[in-house]
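In: Here is my input, please return the structure:
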Amino acid sequence: MSRILPTIVLAQFCCTSLWFAGNAVAPELAARVGQPAGFVAALTSAVQLGFIGGTLVFALLALADRFSPSRVFFASALLAAGCNLALNLPGLGAEGLLTARVLTGFFLAGIYPVGMKLAADYYEAGLGRSLGFLVGALVLGTAFPHLLRGLLAAPGGAGGALPWQTVTTATSALAALGGTALLLLVPDGPFRRAGQRLRPAALLDGFREPGFRAAALGYFGHMWELYTFWAFVPMILAVWRAAHPAAAGANGPLLAFGIIAVGALGCVGAGLLAQRRGARPVAAGALLLSGTCCLLSPLVLGGGGPWWLGPAFLGFWGLVVVADSPLLSTLVAQHAPPASRGTALTLVTCLGFALTIVSLQFTSWLAAHLPAPYVYLPLALGPLLGLWGLFGRGRIVES
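Out: This is a model prediction of the structure:
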């Protein structure tokens, strides 16, 4: 039993490194197919769209409830690794690259939500702590491409001599290794209740429960802020460095890695604290702190103060912006119908990621119409919605 959680966490990190593997080599891919710099955003959006489509299909077919979650995870890891490796194929055009990224995102739907399902099947008690480690692995996987790019950009970086195909090959191999380890070392959990038949109505089972609806609303508010913040960290840093000559020599990608990766500590810390204080109050505290960062962003990012103030503020924001993620997932899992838990987790994840696209597009539109320091104020709507979901009419009762 002691090997279960470390194996799930390691497999989650290995496989979710595929998520932004294309970003680490996006300039090379764009140059290869003669596309402008905007192609980088297209590659990123392709993965997100694929993930949304995949979570919807996985939820409709109830794959994680009808079949062994470990086998679903393993098959998804191999398929996602193969689609990621397809980026190396010679002669692949822009449409082929986008298709490969869409398919990678599609099969990631059998990794991230299914990993949460596996943790819930093993750890009914202390689920918040378990998901804290699990989401922390996702955060590190998200930050990993920035680390790669930063090391390549660093003076004397050893990675500078490596061909870009090394990144896609290594991440694909890592994902295959993670999926295999999980299949061999993590059997179905003792609290798993398999759904034996396909029931489309199971999609709505959870939303009939007030506690589940409230937890899902908290998760949606959290997602409105999270991925938009992550996506805009490099842009915020670029504006900050332009306004502070003393910071001109700083390695932007490494700073971005640190700002995002520190969220892994927030996830683990929040999960441990939730064991003593409960998932709902700790999640609410993280939402309150990240919402405060949204509101303070015009004052801090307006250009005043020493050069280190902006990165320090963003580092704190990066710490708290994702700390509530495992706890909200815990509340969703605890209030989901046991026989359709995997379907419920997958559907909520699907809807949450769909909301990230709306937030990203809205913030991109604001960036063209508002001064840079004021662009991130509307992200506060997410924490506000999440707090209303957690405490509106006292609908969540923790088990």
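
In: Downstream of the helix or strand residue 212 falls within, the next helix or strand is which one?
Out: Using DSSP states H and E, residue 212 sits within helix 210-243. As assigned by DSSP H and E, the chain's next helix or strand after helix 210-243 is helix 252-277.

In: relative to helix 210-243, how tilted is the helix or strand just after that following helix?
Out: Next in sequence after helix 252-277, counting helices and strands by DSSP H and E, comes helix 279-300. Angle of helix 279-300 versus helix 210-243, following axes from the mean of the first three to the mean of the last three Cα atoms, to 10 degrees, is 30 degrees.

In: residue contacts, residue 9?
Out: Residues near residue 9 by Cβ atoms under 8 Å, 6 or more residues apart in numbering: 133-134, 136-137. Any C-beta I mention is one placed from the backbone N, CA and C, and that applies to glycine too.

In: oh, I was asking about residue 382
Out: 220-226, 291, 359.

In: Let's see that with 6 Å instead.
Out: Applying Cβ atoms under 6 Å, 6 or more residues apart in numbering to residue 382 gives the contacts 221, 224-225.

In: Any chance of the residues you listed in a markdown table with distance to residue 20, pLDDT and neighbour count as columns?
Out: As requested, those are exported to a markdown table (distance: Cβ to Cβ, whole Å; pLDDT from 0 to 100; neighbours: other Cβ atoms under 10 Å):
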| residue | distance to residue 20 | pLDDT | neighbour count |
| --- | --- | --- | --- |
| 221 | 24 | 95 | 26 |
| 224 | 20 | 94 | 27 |
| 225 | 19 | 94 | 30 |
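
In: tell me the contacts of the nearest residue to residue 21 once chain neighbours are set aside?
Out: Spatially, and ignoring its direct neighbours in sequence, residue 21 is nearest to residue 171 (4.2 Å; Cβ to Cβ, 6 or more residues apart in numbering). By Cβ under 6 Å, 6+ apart, the residues touching residue 171 are 17-18, 21.

In: cool, and residue 53?
Out: Residue 53 neighbours (Cβ under 6 Å, 6+ apart): residue 106.

In: mind checking pLDDT for it?
Out: If you check residue 53, the pLDDT there is 92.

In: Repeat that for residue 85.
Out: 94.

In: Distance check, it against residue 166.
Out: Look at residue 85 and residue 166: by Cβ to Cβ, to the nearest Å, they are 12 Å apart.

In: Between these two, which has more neighbouring residues?
Out: residue 85 (21 against 14; other Cβ atoms under 10 Å).

In: Secondary structure class of residue 323, three-state.
Out: Under the three-state scheme (DSSP: H, G, I helix; E, B strand; the rest coil), residue 323 adopts coil.

In: mind listing what it touches?
Out: Contacts of residue 323 by Cβ under 6 Å, 6+ apart are 266-267, 270, 286.

In: is it possible to export these to a markdown table including neighbour count and pLDDT?
Out: Shown next, in a markdown table, are those (neighbours: other Cβ atoms under 10 Å; pLDDT from 0 to 100):
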| residue | neighbour count | pLDDT |
| --- | --- | --- |
| 266 | 26 | 92 |
| 267 | 27 | 90 |
| 270 | 29 | 89 |
| 286 | 27 | 95 |
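
In: Need the max-distance pair from the residues you listed.
Out: 267 and 286 (9.7 Å; Cβ to Cβ).

In: Low-confidence regions, the stretch 1-150 of the chain specifically.
Out: 1-2, 37-38, 40-41, 124-128, 148-149 (pLDDT under 70).

In: Going along the chain, name the strands of it.
Out: Assigned by DSSP state E, counting those that start in this stretch, the stretch 1-150 of the chain shows no strands.

In: for it, what spans make up the helices?
Out: Under the criterion DSSP state H, counting those that start in this stretch, helices of the stretch 1-150 of the chain are mapped to 4-16, 21-24, 26-32, 39-61, 63-66, 69-85, 94-108, 112-122, 127-153.

In: deepest of the ones you listed, which one?
Out: Greatest average neighbour count among these goes to helix 112-122 (a mean of 27), per mean count of other Cβ atoms under 10 Å.

In: Direction-wise, compare the helix holding residue 212 with helix 39-61 and give the angle.
Out: 170 degrees.

In: how big is the angle separating helix 210-243 from helix 127-153?
Out: Using the same axes, to 10 degrees: helix 210-243 against helix 127-153 is 20 degrees.

In: what's helix 210-243 packed up against?
Out: Counting contacts by 3 or more Cβ pairs under 6 Å, 6 or more residues apart in numbering; DSSP states H and E, helix 210-243 is packed against helix 252-277, helix 309-321, helix 325-335, helix 341-367, helix 381-391.

In: Flag every buried residue along that helix.
Out: Residues of helix 210-243 classed as buried by neighbour count (16 or more other Cβ atoms under 10 Å): 211-234, 236-237, 239-241, 243.

In: chain center to it, what's the gap?
Out: 10 Å (Cα atoms, centre = their mean, to the nearest Å).

In: ditto for stretch 102-116
Out: 11 Å.

In: One more: stretch 177-187?
Out: On Cα atoms, centre = their mean, the centre of stretch 177-187 falls 21 Å from the chain's centre.

In: contacts for it?
Out: In contact with stretch 177-187 (Cβ under 6 Å, 6+ apart) are residues 3-4, 7, 11, 14-15, 70, 73-74, 77-78.

In: Now distance to residue 281 too, for these, in JSON lines please.
Out: As requested, the contacts of stretch 177-187 are arranged in JSON lines below (distance: Cβ to Cβ, whole Å):
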{"residue": "3", "distance to residue 281": "31"}
{"residue": "4", "distance to residue 281": "28"}
{"residue": "7", "distance to residue 281": "30"}
{"residue": "11", "distance to residue 281": "31"}
{"residue": "14", "distance to residue 281": "33"}
{"residue": "15", "distance to residue 281": "32"}
{"residue": "70", "distance to residue 281": "33"}
{"residue": "73", "distance to residue 281": "32"}
{"residue": "74", "distance to residue 281": "37"}
{"residue": "77", "distance to residue 281": "35"}
{"residue": "78", "distance to residue 281": "40"}
